[in-house]
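Trainee: This is a predicted model, with the sequence first.
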Amino acid sequence: MGRSRVSDARFAFRVEATEAAARAATFTTPHGAVETPAFMPVGTHAAIRGLTMPEVAAVGARMVLSNAYHLYLRPGDAMVRALGGLHAFARWDGPMLTDSGGFQVFSLARYRTVTEDGVAFRSKLDGALHAYTPERVMQVECNLGADVIMQLDELIAGGSEMAPARAAMERSLRWLERCRVEFDRLQRDGRAPLGEVSTPHGTPPLASTNDERCAPMQALFPIVQGGVHAELRRESIRGILSTGDWAGVAVGGLSTGEPKPDMYATLDLCASELPRDRPRYLMGVGFPDDLVEGVRRGMDLFDCVAPTRMGRHGTAFTPEGTLQIAKATHRLDRAPLVEGCPCLGCTQYDRAYLRHLFAADEPLGPRLLALHNLAFVMGLLRDARAAIHAGAFVSWSEEWLRRYRA
RNA sequence: GGUGGGGUACUCAAGUGGCCAACGAGAGCAGACUGUAAAUCUGCCGGUGCAAACCUUCGAAGGUUCGAAUCCUUCCCCCACCA
């Protein structure tokens, strides 16, 4: 089973402390270690929208996420590889993860057709049709070169019935197996077979088909599906664990419209079934209260567009809940967004000025709020981690949630 | 003083007899957003009312008409050019 097994010391997961289901750990990758629980900012197009990587690092991010599907369309995965891979391309030398495009199967449902072979996407750029198969996804993600790469999966809306949820879960398992086989082959070869990879833009000018540079060591994460149906989640996990000794496992298909109690119950179940010595990555969750609930249920890694998107749209996270900065009530408010927050927006500016930036449509406003929200969730998970280490997480989290939701 | 153009809701701006409480845009207000086709999207935006509906509005005042933001008269104000 090749390198999908964690035989290579370049990936490690060391649990340092636990309290109830919550864990504090260190996840090591070829590009460095991440202390968990951790939040990964989303940089779909190899950029955290509006922010620079140094800024993202400055608020505490240690691992960031990019999207294979979007980068495949533009600039093309072979182009990224020819430019030195995702880390060099985006100038991020810490751990990176690429999502496969599975989420786009869901979010861009009206532009694609799913078959057993894969997904046929209609490109947003030029309308061209792209055959996106599990094998192709592995080639793309290998070329991009993130440390952790995700399988192609299929997810369905949160509240879906048993039958469609089962179909998507089972298909995700079959796609996982195809991803695994192709992943093992690519990693065994030591380099991505550039010549086999066609991109929408042909052969990149800087590419050499004789490129001897070794592909970066990568880990493939499977994704648990099954909607909010416990038996399906259980089956999904069993299926995943029977085919490999994965460096980590993701829980997908949540926060897609299902009631929160259903999501939390599903997490409880997944946590109880997943290996304790591997990171659990809860995909697409990133509102502060959901992060705390996720940590409580044994999740280690998170990613979400919420902090950055909400920030760009004028909503700031605070310990007392969300705050819409553009509201007239902040016209004369000299207080920072959050007292004591170390981010640029909070240390340098007051709410009145930030409100003005939004009113005046200045790009600095969205930038500062996105940065603030990232700083907020980073600090939140740092506090959660400290509480776990201190054996005080349960009371800390209850108090925190009470204040946030008041 | 003369000639021409123009005064529409918070602003800009359509509308030249009924389908007009009045297109559209902006501002303002409220809301949405969870593995990013999102610096995006939605709602409200004269007053009262849940609604039906009623009331008050298109510079002012009169008038014509079944009916006027739209036609006529006078007046006020703004702009351009000519004196």
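Mentor: Arrived safely.
Trainee: quick one, what contacts the closest residue to RNA strand B within the stretch 151-300 of chain A?
Mentor: Minimum separation of the stretch 151-300 of chain A from RNA strand B (C-beta to the nearest atom of the strand) falls at A:G284, amounting to 2.7 Å. In short, each C-beta sits where N, CA and C put it, glycine included. Residues near A:G284 by C-beta atoms under 8 Å, 6 or more residues apart in numbering: A:F103, A:G252, A:L254, A:S255, A:T256, A:D303, A:C304.
Trainee: Spatially, which two of these are the most separated?
Mentor: Maximum pairwise distance among the contacts of A:G284 (C-beta to C-beta): 14.3 Å, between A:T256 and A:D303.
Trainee: okay, these two: which has more neighbours?
Mentor: Using other C-beta atoms under 10 Å, the more surrounded residue of A:T256 and A:D303 is A:D303, with 23 against 19.
Trainee: Check the gap between the closest residue in space to the more buried one that isn't next to it in sequence and RNA strand B for me.
Mentor: Nearest non-adjacent residue to A:D303, counting by C-beta to C-beta, 6 or more residues apart in numbering: A:M40, 4.2 Å away. Distance, A:M40 to RNA strand B, by C-beta to the nearest atom of the strand, to the nearest Å: 9 Å.
Trainee: Repeat that for A:N373.
Mentor: 10 Å.
Trainee: Dump the C-alpha coordinates for stretch A:241-253 into PDB.
Mentor: Presented in PDB, the C-alpha positions along stretch A:241-253 are these (Å, rounded to 0.1, in the frame of the first residue of the first chain):
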ATOM      1  CA  LEU A 241      -9.600   2.100   7.600                       C
ATOM      2  CA  SER A 242      -9.700  -1.300   5.900                       C
ATOM      3  CA  THR A 243      -7.800   0.000   2.900                       C
ATOM      4  CA  GLY A 244      -4.800   1.900   4.300                       C
ATOM      5  CA  ASP A 245      -2.900   3.100   7.300                       C
ATOM      6  CA  TRP A 246      -3.700   6.700   6.600                       C
ATOM      7  CA  ALA A 247      -1.600   9.600   7.900                       C
ATOM      8  CA  GLY A 248      -4.800  11.300   8.800                       C
ATOM      9  CA  VAL A 249      -8.500  11.100   8.100                       C
ATOM     10  CA  ALA A 250     -10.900  13.900   7.200                       C
ATOM     11  CA  VAL A 251     -14.600  14.200   8.100                       C
ATOM     12  CA  GLY A 252     -16.400  15.800   5.200                       C
ATOM     13  CA  GLY A 253     -19.900  16.600   4.200                       C
END
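Trainee: Run the contact check for it versus RNA strand B.
Mentor: Yes - Stretch A:241-253 lies within reach of RNA strand B by C-beta under 7 Å from any atom of the strand, at A:A250, A:G252, A:G253.
Trainee: Select from those residues the one having the most neighbours.
Mentor: A:G253 (34 neighbours).
Trainee: how would you label the most centrally placed residue in chain A: helix, strand or coil?
Mentor: In chain A, the C-alpha nearest the mean C-alpha coordinate belongs to A:D303, at 3.6 Å (C-alpha atoms, centre = their mean). Following DSSP: H, G, I helix; E, B strand; the rest coil, the label given to A:D303 is strand.
Trainee: Surely the residue nearest to A:D303 touches A:G60?
Mentor: No - the criterion here is C-beta atoms under 8 Å, and A:M40 misses it with A:G60 at 11.4 Å.
Trainee: With neighbour numbers in mind, choose between those two.
Mentor: Each of A:M40 and A:G60 has its neighbours counted (other C-beta under 10 Å); A:M40 has more, 23 against 20.
Trainee: OK, contacts around that one?
Mentor: By C-beta under 8 Å, 6+ apart, the contact set of A:M40 is A:A61, A:M63, A:V64, A:L65, A:L97, A:L301, A:F302, A:D303.
Trainee: Look up the closest residue to A:G298, ignoring the ones flanking it.
Mentor: Using C-beta to C-beta, 6+ apart, the nearest residue to A:G298 is A:A271, at 3.5 Å.
Trainee: tell me the contacts of that neighbour?
Mentor: Taking C-beta under 8 Å, 6+ apart as the definition, contacts of A:A271 comprise A:A21, A:R280, A:R297, A:G298, A:M299.
Trainee: pretty sure the last one contacts A:L282?
Mentor: Yes - A contact is recorded between A:M299 and A:L282 when judged using C-beta under 8 Å, the distance being 4.1 Å.
Trainee: and for those two, which residues touch both?
Mentor: A:V251, A:L267.
Trainee: what comes up buried for stretch A:48-65?
Mentor: By neighbour count on 16 or more other C-beta atoms under 10 Å, the buried set for stretch A:48-65 is A:48-51, A:53, A:55-56, A:58-65.
Trainee: which residues of the stretch 101-250 of chain A fall in helices?
Mentor: Counting by DSSP state H, counting those that start in this stretch, residue ranges of the helices within the stretch 101-250 of chain A are A:102-107, A:134-144, A:162-189, A:230-241.
Trainee: Throw those helices into a markdown table and include mean neighbour count and mean pLDDT, thanks.
Mentor: Listed next are the helices of the stretch 101-250 of chain A as a markdown table, based on neighbours: other C-beta atoms under 10 Å; pLDDT from 0 to 100:
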| stretch | mean neighbour count | mean pLDDT |
| --- | --- | --- |
| helix A:102-107 | 20 | 93 |
| helix A:134-144 | 27 | 96 |
| helix A:162-189 | 19 | 94 |
| helix A:230-241 | 19 | 98 |
